[in-house]
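Asker: Requesting a structural model of the entry that follows:
(chains A and B)
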Amino acid sequence: MSSEKVALARPAGDETAYTTCYMCACRCGIRVHLKNGKVRYIDGNPDHPINKGVLCGKGSAGIMQHNSPARLTKPLKRVGPRGSGEFEEIEWDEALALATDWLGDIRTKDPKKLAFFTGRDQSQSLTGWWANQFGTLNFAAHGGFCSVNMAAAGLYSIGSAFWEFGEPDWDLTRYFLLFGVAEDHDSNPIKMGLGRLKSRGVAKFVSINPVKTGYSAIADEWVGIRPGTDGLFAGALIHELLNADKVDWEYLTRYTNAPWLVIRAPGKPDDGLIARDHDGNPLLWDAGNQAERSALEEDARPALVGEYRLSDGTKTMPVFQLMAERFLDDSYSPEAAAKETGIPAADIRRIAAEIAEAAFENRVELDIPWTDWAGRRHEKMVGSPVSMHAMRGISAHSNGFNTCRILHLLQMLIGSVDVPGGFRAKPPFPRPCPPGPKPAGHTVKPGTPLGGMPLGFPTGPEDLLVDPDGTPKRIDKAYSWEHPIAAHGLMHMVIHNAWAGDPYPVDCLFMYMANMGWNSSMNVPATLHYLTDKKDDGSYKIPKIIYSDAFYSETVPYADLILPDTTYLERWDCISLLDRPISGAEGPADSIRHPVVKPDRDVRPFQDVLIDLGVRLGLPGFVDAEGEARYPGGYPDYIVNHERAPGIGPLAGFRGEDGTENCRGAPNPDQLQRYVDNGGFWRDEFPHDAVYFKHANRSYLDYAHNAGWIPNADRIVMQIYSEPMRKFQLAAEGHGPNQPPERDRERVKTYFDPIPFWYPPFERQAAGDDYPISAITQRPMHMYHSWGSQNAWLRQITARNRLFVHPDMAEDAGVDDDGWVWVISPFGRVKAQIKIMHGVEPGTVWTWNAIGKRRGAWGLDRKAPESNRGFLLNHVISELLPAREDGYRYANSDPITGQAAWYDLRVRLEACTEAEAAAGQTEPLFDETQEPRLAGPKDRSILRYGADMKESDTGSASATHREWVGNRQENSRFGLPDGHGNQIRSGQADKGEDA
Amino acid sequence: MTSLPTNGSGVKLGLVIDLDICVGCHACAVNCKEWNTGGHSAPLPDSDPYGADPAGVWFNRIHTFEVVSEDKKDSRTVHFPKSCLHCDDAPCVTVCPTGASYKRPEDGIVLVNADHCIGCKLCSWACPYGAREYDPDAGVMKKCTLCVDRIYNEALPEDMRVPACVSTCPVGARSFGDLGDPNSDVSKLSAARGGYQLMPEQGCEPVNRYLPPRPRSAAGDGTGEEKSLAAAAKDKGSLISKWLDRVLSV
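Answerer: Okay, the predicted model is just below:
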């Protein structure tokens, strides 16, 4: 027997800091345990509202991100040709002077010649405001590539949206539909929710996804749908529910615009608009009085179907009937849907029946009295316990906006938005549909701020940023007739358009944390061409490129000036309600990052640099009347003292001079310390009667108005019929002063339907029979963005990707398991090694996204699998659709929002020759780039992280072991209290479970 | 040869892993790695970490595979986390020539005393589960310690006094406790869900339990059930007429 003395009581470190993770977009609270100033261990903060103590594989690998070998170490100025990676190191003074020189010149002459595009940064309320003060309308972030279809469809329909602006009611739902890949948005809350949902044992989880991995692997039912057909599937569910009269009439009448009257006057300029009274209030038809009246009065009893002639003779019909007629049509029958989706009609019928059963025969009733918008008291909160979630699998298609609106329509029909067991909005949402403000940028003047935030929500053609002839004003053509509701901009088009000078050239492209020269482009070879192409005089077509990143990504070699950023453990940040909320359905929350370790190299937090540049450029807002810095303390100073509106700043917690005010209050000089002391976050809980029916809940609406989230405390009516869409469509029909160019007329007329509809993705229409296979991607749950491969631990899990292929397809292509194929699209081909998989829709291939890396990037060895066998499907995606008859090529994007449609990709497979396969390498491969001086270990042959952290026992006497049950709800049936892990929730055990 | 404890306390600390909800996210594996690389067995080295063949010491690994039905019409994607199962009858202990490999009498945790380990790898050959992890850099065998340096550790906040893989698991698929006590929460959980030992035929009496996937919820796929909603009217026109009566207050 060994006589080992085991150290049972060593502390985790000598210091613990509470901050916020940045290993993905989830923004979990973390504890960073430090030992001798080094990071010993990172785990989840058990008190944090997002993750409640859990932490995913990415977050747990934060140590290796912080110690990445790809960390930039010093500002860099390009000396070789673009793409070579030849830089010289310069001092910050020189770097900032150079940037100020370039940017100042642009601002004096024509501020729109600066295109400022950021990636997945979490400081868009600062970066957007900076663009506004600079005076350029050419600002956007990553959303146009990622999720704008979800955000826009939600905000124009239900006033909240999937992912960031809402969440399923995991504890009470009885039927959960997950559409498409969602493993990364958001990461931990969905995992925690699925664990709880499944452990309750009474809910059914249906995953509609072409691929059976991750969450789909634990679904009760996997519906292996063809990519891009989800809208038709959901439309067929609506067809079935309507046909069977299984809709929530009360909910539709009270909370949606189903009863609003639509003008029926074909050919007239008001055809299809909502009928309104003299005050502009929408009208309904009161079936009691048989007369029109304002829809905003509380005692109406409206008709939902019928044809009604108003007192002025106008013919109208309620929204509900228009919607019902569309979805009752045979084109949405289960049989019709089966042909396109690949889902048997019987399964569609069964799922519709199950939804109806869950929604109408298993209603959840909570004994929570509440008061509605009209002052009426209700004794209970009653809901249809059917919930849904969707993200990129819906979003990244050219029909994503309409598809997502169909999902929201389905939710409204069964009465499951913001009800017990349904989908719940997260503050500061819901907001009016759509919320304000509108995009700024109608006029751009030298040396002058834009006068508003560049991104916003248009409600009609007059809000478009176009010249009188329809020419787009923005470089990415957002808010033009091509993409009128491009609420997040089109990051994926800026490089192409800047190169093409379409609609005009820019002088400087300024990017932050966006790997737009690699996996955050639509097509890599083309993008690299645009970045390096020259004019006749030998100068680059995109004259200046400034880039800020913490790491040596593939994009860095293409920039002229590099401003090196810190890692997430080395800086201040705020995760703001003005930007992307981390709230939960039961209360608002925000959080901070603070420096828990000091940088060991000459880098600066980008937000500090941006504020510094603002001062150097003399941007209003960044300097006072004397031209002195308004926030001399940099970003933390800004976070505390900046006010967007009186009393409203980046952080909502601990406001007021004594830190006792929430949401609204004077700046508090101790605010950041209060956040640090509180574990890095703040949250508030709504009054008990405000947690559901937020659209129409007096208690909630008053709270939200007081917090500054909504302009008034009026109820928010969900929009089955979107009048803004109809306004664009009317213009395309020839009405009004703002007319689309002829080229865009049919397109706007077709896709701006006020009632959502399904159409096949564009690329499927264009690619034709030669490219019969859908090709999609997803991220592995342990990786995010392109960051994962520099991480010594995560790349041991995935260092290369395969093309996953159904056995029947492999047989058709004549390729065996592990064989090599060419993946061929109309735009190019990429070589990949396959893996046969049964759990994939037979007409679809898929792979892990962003694993493929360029040789020389990310501090990896030249022989790294990522850059020899890892591949990107981006190599065969185009940022443009094929030419139309008139030769014009639209962006490969949603026609409404401009969302990049990278999941539309169509390909065919060809087996590689023996010689090609024997090479054992992917193609295309790109030239290797040189590596500047990077941080990271000198000896890259072995890592012994933690070797110096093992010490002798210094702790106190041993405790007794304790038990931990991962999902206590599992055990609640035999007497254990409810809760996650060891966190037992008091007083909430199984709320409403058996109601 | 090393003896197993004969005067054990009866306490059998171990894990219960729920295969019904494991989504294969690798959180447990990575969090284990980061705790343990600075913990009792520090470090857990990684060779060629940025090169062609990165390979490190991990105490917990996730295996993902497909199980395909005989008719090949159905498949299940399985995520299977695996670490040391802290066997009652641990062949990795009895095979050890130096006594380095041992099972703690007080709680049943199987550990390796690195000072006595000669790196002969007999234990890894003996373990039917492949759960041992050789550290080629130090030349010693390492393995899951069940976070013995956390579970009794009063220097840590209470929520941390469980194995790292357990407290970090986002879906809550991992539970920890005394499987020697039939009344413990984990024993009750295992009993209620039909928890099973991995490869019991090996006779190692592993302590850890796996919970099998639940039968899929009613009307899941594969039931063949034909359920559908009855049409409420004979055609669209009469359906809409019927709805004329649907008048409710706003």
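Asker: the helices in chain B, which residues?
Answerer: B:27-36, B:91-94, B:122-126, B:148-151, B:164-168, B:185-193, B:236-242 (DSSP state H).
Asker: Figure out which of the ones you listed is closest to chain A.
Answerer: Among the helices of chain B, the nearest to chain A by C-beta to the nearest C-beta is helix B:27-36 (4.0 Å). All C-beta spots, glycine's among them, are computed from the backbone N, C-alpha and C.
Asker: which element is residue A:640 on?
Answerer: helix A:635-641 (DSSP states H and E).
Asker: now that helix, how far from the centre of its chain.
Answerer: Computed by C-alpha atoms, centre = their mean, to the nearest Å, the chain-centroid distance of helix A:635-641 equals 26 Å.
Asker: Give the other helices and strands that that helix contacts.
Answerer: helix A:606-616, helix A:671-677 (3 or more C-beta pairs under 8 Å, 6 or more residues apart in numbering or on different chains; DSSP states H and E).
Asker: can you tell me the average pLDDT over that helix?
Answerer: Helix A:635-641 carries an average pLDDT of 98.
Asker: Check stretch A:888-907 too.
Answerer: Regarding stretch A:888-907, the rounded mean pLDDT is 96.
Asker: how far out from the middle of the chain is that stretch?
Answerer: 17 Å.
Asker: which outside residues touch the helix holding residue A:640?
Answerer: A:126, A:571-574, A:592, A:605, A:607-608, A:611, A:631, A:649-651, A:667-669, A:671-672 (C-beta atoms under 8 Å, 6 or more residues apart in numbering or on different chains).
Asker: can you do 6 Å?
Answerer: Outside of helix A:635-641, the residues within contact range by C-beta atoms under 6 Å, 6 or more residues apart in numbering or on different chains are A:572, A:574, A:607-608, A:611, A:631, A:650, A:667, A:671-672.
Asker: again with stretch B:110-126
Answerer: A:2, A:4, B:86, B:90-92, B:95-96, B:98-101, B:103, B:132, B:139-141, B:143, B:145.
Asker: give me phi/psi at the residue nearest to residue A:81 when sequence neighbours are not counted?
Answerer: Leaving aside its chain neighbours, residue A:81 sits nearest to residue A:532 (7.2 Å; criterion: C-beta to C-beta, 6 or more residues apart in numbering or on different chains). Reported as degrees, to the nearest 10, the phi and psi values for residue A:532 are phi -110, psi -10.
Asker: go on, residue A:648?
Answerer: Dihedral angles for residue A:648 - degrees, to the nearest 10 - are phi -120, psi 120.
Asker: who does it bridge with?
Answerer: residue A:645 (DSSP bridges).
Asker: so what pLDDT did it get?
Answerer: 96.
Asker: now swap in residue B:223 and tell me
Answerer: 52.
Asker: what's in contact with stretch A:236-243?
Answerer: In contact with stretch A:236-243 (C-beta under 6 Å, 6+ apart) are residues A:247, A:324, A:327-328, A:332-334, A:337, A:348, A:352, A:410, B:229, B:231.
Asker: and it, what's its mean pLDDT?
Answerer: The average pLDDT for stretch A:236-243 rounds to 98.
Asker: Over to stretch A:661-669?
Answerer: Computed over stretch A:661-669, the average pLDDT equals 97.
Asker: ok but residue A:40 is inside a strand, no?
Answerer: Yes - checked against DSSP: H, G, I helix; E, B strand; the rest coil, residue A:40 lies within a strand.
Asker: Which strand or helix spans the closest residue to it other than its chain neighbours?
Answerer: Distance criterion C-beta to C-beta, 6+ apart; nearest residue to residue A:40, sequence neighbours excluded, is residue A:13 at 4.3 Å. Under the criterion DSSP H and E, no helix or strand holds residue A:13.
Asker: wouldn't residue A:13 be in contact with residue A:32 here?
Answerer: No - the criterion here is C-beta atoms under 6 Å, and residue A:13 misses it with residue A:32 at 8.5 Å.
Asker: Looking at those two, which has the bigger crowd around it?
Answerer: A direct count of neighbours by other C-beta atoms under 10 Å in any protein chain shown for residue A:13 and residue A:32 places residue A:32 higher, at 24 against 21.
Asker: Confirm that the more buried one lies within a strand, as I assumed.
Answerer: Yes - per three-state DSSP, residue A:32 lies within a strand segment.
Asker: and it, what does it touch?
Answerer: Applying C-beta under 6 Å, 6+ apart, the residues near residue A:32 are A:17, A:39, A:42, A:596.
Asker: partners of the second one in the sheet?
Answerer: Taking DSSP bridges, one obtains residue A:34 as the residues bridged to residue A:39.
Asker: That one touches residue A:64, doesn't it?
Answerer: No - applying C-beta under 6 Å as the test, residue A:39 and residue A:64 come out as separate, 9.8 Å apart.
Asker: Tell me where the model's unsure across the chain.
Answerer: Answering for chain A, as no chain was given. Where chain A drops to pLDDT under 70, the residues are A:1-3, A:954-955, A:957, A:969-995.
Asker: try chain B instead
Answerer: Those would be B:217-225, if you go by pLDDT under 70 across chain B.
Asker: By neighbour count, which of the contacts of residue A:32 wins?
Answerer: residue A:42 (27 neighbours).
Asker: Is residue A:882 in contact with residue A:766, as I believe?
Answerer: Yes - the pair residue A:882 / residue A:766 is scored as a contact, 4.6 Å apart, by C-beta under 6 Å.
Asker: what do these two both touch?
Answerer: Joint contacts of residue A:882 and residue A:766 (C-beta under 6 Å, 6+ apart) do not exist.
Asker: which residues touch the residue nearest to residue A:40?
Answerer: Counted by C-beta under 6 Å, 6+ apart, residue A:13 has contacts A:33-35, A:40.
Asker: Max pairwise distance over those residues: which two?
Answerer: A:33 and A:35 (7.1 Å; C-beta to C-beta).
Asker: neighbour count winner among those two?
Answerer: residue A:33 (24 against 19).
Asker: ok, now which ones touch that one?
Answerer: A:12-13, A:16, A:40-41.
Asker: Closest one to residue A:645 out of these, please.
Answerer: For the contacts of residue A:33, the nearest to residue A:645 is residue A:16 (36.0 Å; C-beta to C-beta).
Asker: tell me the contacts of the residue minimising distance to the centre of chain A?
Answerer: The centre of chain A sits closest to residue A:147, judged by C-alpha atoms, centre = their mean, with a distance of 3.9 Å. Neighbour list for residue A:147: residue A:395 [criterion: C-beta under 6 Å, 6+ apart].
Asker: And it, how far from residue A:543?
Answerer: Going from residue A:147 to residue A:543 by C-beta to C-beta, to the nearest Å gives 31 Å.
Asker: export the helix holding residue A:640 as CSV, just CAs?
Answerer: Presented in CSV, the C-alpha positions along helix A:635-641 are these (Å, rounded to 0.1, in the frame of the first residue of the first chain):
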residue,chain,number,x,y,z
TYR,A,635,-12.8,53.1,-21.6
PRO,A,636,-13.5,52.6,-17.9
ASP,A,637,-14.0,56.4,-17.6
TYR,A,638,-16.4,56.2,-20.6
ILE,A,639,-18.3,53.3,-19.1
VAL,A,640,-19.0,55.1,-15.9
ASN,A,641,-19.5,58.7,-17.1
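Asker: What is the burial count for residue B:181?
Answerer: Using other C-beta under 10 Å, the number of residues around residue B:181 comes to 15.
Asker: now it: how far from chain A?
Answerer: Using C-beta to the nearest C-beta, to the nearest Å, residue B:181 is found at 10 Å from chain A.
Asker: so how far is residue A:936 from that residue?
Answerer: According to C-beta to C-beta, residue B:181 stands 48 Å off from residue A:936.
Asker: Burial check on the residue lying closest to residue A:223 once chain neighbours are set aside, number of neighbours?
Answerer: Nearest residue to residue A:223, sequence neighbours excluded (C-beta to C-beta, 6+ apart): residue A:208, at 4.4 Å. By the measure other C-beta under 10 Å, the count of residues near residue A:208 is 26.
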